[in-house]
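Asks: would you be able to build a 3D model of this:
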Amino acid sequence: MGKAQKYVLLGDATYPLQDWILKPYQEDENLTQRQLQFNYRLKRAHSVIENAFLRLKARWQILLKCDDCSLELLPTLVLACCILHNVCEAHDNPFNEEWLEGAEPTELPKPCQPAPAAMEDGRAEQVRELMCQYFESCGEG
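Replies: Numbers count the residues shown, from 1 in each chain. Coordinates of the predicted model:
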């Protein structure tokens, strides 16, 4: 879109809109088709990420019980699992679907209320709008 963008995290409606946190447009009857498409694509991306983390936890079930290791070791353990997981995925190492039984997604507590508008960054709307334009230019999918 002609503007370099840095990486962003995907959040849901409860997170404040920041230039580093993308969140969907608030669902109401006034959303344009473009905004609805943006929300749909954000939701799809979110589900891909959730699936990737589920597969990571299923393959490396030590991540399900990280409370057994020291806090100093934890970042190295997670990084090692991510690297090994990506190597396995890149080399088509068979993924045993039975592993998923032990790694069911857990619902972590989330805020119930949307973040106050005062926490939102005005520049972030420009980032979201650029992404919205980009998704629109990509066509359906």
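Asks: okay but V8 is in contact with Y15, surely?
Replies: No. Contact status for V8 versus Y15: not in contact, 11.3 Å apart, counting by CB atoms under 8 Å. C-beta here means a position set from N, CA and C on the backbone, and glycine is covered the same way.
Asks: so between these two, which is more surrounded?
Replies: Neighbours per residue (other CB atoms under 10 Å) separate V8 from Y15, with Y15 holding more: 19 against 16.
Asks: what's the separation between A45 and A52?
Replies: Distance of A45 to A52, given as CB to CB, to the nearest Å: 11 Å.
Asks: quick one: contacts for the nearest residue to M119 once chain neighbours are set aside?
Replies: Excluding the flanking residues, the one nearest M119 by CB to CB, 6 or more residues apart in numbering is P16, at 3.7 Å. The contact partners of P16, taken as CB atoms under 8 Å, 6 or more residues apart in numbering, are K23, A115, P116, M119, E120, D121.
Asks: and for V8 and Y15, which residues touch both?
Replies: With CB under 8 Å, 6+ apart as the test, V8 and Y15 both reach I21.
Asks: pLDDT weak spots in the chain?
Replies: By pLDDT under 70, the weakly predicted segments of the chain are 1, 66-67, 105-114, 116-118, 139-141.
Asks: what are the buried residues along whichever helix in it runs longest?
Replies: Counting residues, the longest helix found in the chain (DSSP state H) is helix 33-59. Neighbour-count burial for helix 33-59 flags Q35, Q37, F38, N39, R41, L42, R55, L56, K57, A58, R59 (criterion: 16 or more other CB atoms under 10 Å).
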